[in-house]
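Trainee: Here you go, sequence then predicted model.
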Amino acid sequence: MRNIVLLLPLALLLGSCRYTSFPLVPPVLQGDVPARLSAASLQRVGDALELRLVLDARSGSGFFDVAWFDGDALLARDRTYVDASDPNAVFRLSATPGGEFRALVSFEGTLLRQFELTEAAP
């Protein structure tokens with residue numbers, strides 16, 4: 001009788017056990033990848049500032065917008081179309097040496113990055 005009393009709760013506990021299994025390959029998640037830069041640089045080349053951008057291949061095609069600033073003053077705006085087959089873009093701005101230059105880069109209306117170049121006055 002005593003064995004039956006011990007075996008009954010043990011049988012209930014063992015009978016309710018389940019193995020937890022995880023799939024070997026998780027399902028593919030669908031979603032949009034936000035646009036991002038895979039490479040970028042801002043540097044002075046002669047009398048001009050040069051901004052080189054490479055869009056991540058997953059971002060697709062669209063327009064790059066660049067707003068150039070010297071301190072708080074807006075110097076210029078530029079825009080170019082980038083195709084997914086050639087995601088490179090180069091922007092140039094003629095600027096006198098010395099200043100605190102910034103370039104705000106956006107892709108299809110979404111701000112991606114701000115670049116800064118501070119030069120000492122000659």
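Mentor: Here it is on my side, so go on.

Trainee: which ones are touching the residue nearest to the spatial centre of the chain?
Mentor: Closest residue to the average C-alpha location of the chain: residue 36 at 3.3 Å, with C-alpha atoms, centre = their mean. Shown in contact with residue 36 (C-beta atoms under 8 Å, 6 or more residues apart in numbering): 55-56, 59, 112. Backbone N, C-alpha and C define where each C-beta goes, glycine included.

Trainee: Columns secondary structure, pLDDT and neighbour count on top of the residues you listed, output as TSV?
Mentor: Formatted as TSV, the contacts of residue 36 follow (DSSP: H, G, I helix; E, B strand; the rest coil; pLDDT from 0 to 100; neighbours: other C-beta atoms under 10 Å):
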residue	secondary structure	pLDDT	neighbour count
55	strand	91	25
56	coil	88	16
59	helix	80	21
112	strand	93	20
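
Trainee: Out of the residues you listed, which is nearest to residue 67?
Mentor: residue 112 (12.1 Å; C-beta to C-beta).

Trainee: thought that closest one was touching residue 106?
Mentor: Yes - between residue 112 and residue 106 there is a contact under C-beta atoms under 8 Å: 6.0 Å.

Trainee: Excluding sequence neighbours, find me the nearest residue to residue 91.
Mentor: residue 51 (4.3 Å; C-beta to C-beta, 6 or more residues apart in numbering).

Trainee: Please name the bridge partners of that neighbour.
Mentor: Taking DSSP bridges as the rule, residue 51 bridges to residue 42, residue 91.

Trainee: Counting neighbours, what do you get for it?
Mentor: By the criterion of other C-beta atoms under 10 Å, residue 51 has 22 neighbours.

Trainee: ok, now which ones touch the residue lying closest to residue 54 once chain neighbours are set aside?
Mentor: The shortest distance from residue 54 to any non-neighbouring residue, by C-beta to C-beta, 6+ apart, is to residue 39 (4.1 Å). Counting by C-beta under 8 Å, 6+ apart, residue 39 touches 52-54.
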